[in-house]
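Novice: From the sequence below, what's the structure:
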Amino acid sequence: MRARSTLPLPLVSGLVEHFTALATRDNNSSAQLSHTAMLRPSDSPLLSEAAALIGPKVVEFGVHLLGERLKWLLKEMWVNVLDAGGRQAMHNHANSFASGVVYLTPTHPSSQTVFMKSPGGADFLFRNDHAGMKPGEFSADKWVSPAPDPGDMVLFPSYLMHAVPPNQGERRITLSFNAVPSQIDSWGYVVRFE
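Specialist: I've put the predicted structure just below:
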């Protein structure tokens, strides 16, 4: 789910100014990629403000994901700093149901987020694949997210594999997060998350 202008530009600027210097943790994908520690919205007034604006969009996405309007908890947030030449390897996010990326700086076309079907595959045995069909986010093996502006957000199921190709542009800064619903109920077997 794409949510344009989720965060206003003054908040985006505040997040960049405050958290860029805190992104000191190395990433094993690339020496040009670093991130902050895992943070909770309550760790910073800026994150609390961001979470208040992100939360309703996660609830909306949750309806599509789980078929029911539930309360959601943003359980962790972190800021990624990707310098020129850096990349993020293919990965997914464990121990959550929904994940998201809020773009805090302009993103060079070379480093737009790429979503991929799992290498293990859960595809139909037959495909509709010919010159006359137009692949989209549900029918392609790989899908590049639309070009984002600062403040835009993309939400996706946490199990979905994604990566960032080598950045051929300026520094790319994003705010990422994971979320869980308040509970899931499978015919009376209820699991609650707090």
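
Novice: Hmm, residue 79 is touching residue 173, no?
Specialist: Yes. At 6.6 Å, residue 79 and residue 173 qualify as touching, with contact defined as Cβ atoms under 8 Å. (Glycine included, C-beta is placed from N, CA and C.)

Novice: Show the subsequent helix or strand relative to the worst-scoring helix or strand of the chain on mean pLDDT.
Specialist: Within the chain, no helix or strand scores below strand 25-27, which has a mean of 86 by mean pLDDT, DSSP states H and E. The helix or strand immediately downstream of strand 25-27 is strand 30-35, counting by DSSP states H and E.

Novice: From the contact counts, what lies against the least confident helix or strand of the chain?
Specialist: strand 30-35 (3 or more Cβ pairs under 8 Å, 6 or more residues apart in numbering; DSSP states H and E).

Novice: next one: the very next helix or strand once past the strand it packs on to chain centre, how far?
Specialist: Next along the chain after strand 30-35, taking DSSP H and E as the criterion, comes helix 45-66. Centre-to-centre, helix 45-66 and its host chain are 12 Å apart (Cα atoms, centre = their mean, to the nearest Å).

Novice: ok, residue 105 - contacts?
Specialist: The neighbourhood of residue 105, defined by Cβ atoms under 8 Å, 6 or more residues apart in numbering, consists of 16, 150, 170-173.

Novice: Next step: these restricted to helices.
Specialist: residue 16 (DSSP state H).

Novice: rewinding a little: quickly list what's touching both of residue 79 and residue 173.
Specialist: Common neighbours of residue 79 and residue 173 (Cβ under 8 Å, 6+ apart) are 20, 104.

Novice: Is it correct that residue 107 is in contact with residue 146?
Specialist: No. With contact defined as Cβ under 8 Å, residue 107 and residue 146 do not form a contacting pair (10.3 Å).

Novice: Specify which residue of those two has the higher count of neighbours.
Specialist: Taking other Cβ atoms under 10 Å, residue 107 and residue 146 do not tie; residue 107 has more neighbours (25 against 13).

Novice: what residues are up against the more buried one?
Specialist: Going by Cβ under 8 Å, 6+ apart, the list of residues near residue 107 reads 147-148, 169, 172.

Novice: closest to residue 12 among these?
Specialist: Nearest to residue 12, judged by Cβ to Cβ, of these is residue 148 at 11.4 Å.

Novice: Looking at the closest one now. What's its pLDDT?
Specialist: What the model reports as pLDDT for residue 148 is 97.

Novice: For residue 45, give its distance to residue 18.
Specialist: Using Cβ to Cβ, to the nearest Å, residue 45 is found at 10 Å from residue 18.

Novice: higher neighbour count, the two?
Specialist: Each of residue 45 and residue 18 has its neighbours counted (other Cβ under 10 Å); residue 18 has more, 15 against 11.

Novice: ok, the residue nearest to residue 77 when sequence neighbours are not counted - how many residues close by?
Specialist: In this structure, residue 77 finds its nearest non-sequential neighbour in residue 177, 4.3 Å apart by Cβ to Cβ, 6 or more residues apart in numbering. Residue 177: 26 surrounding residues under other Cβ under 10 Å.
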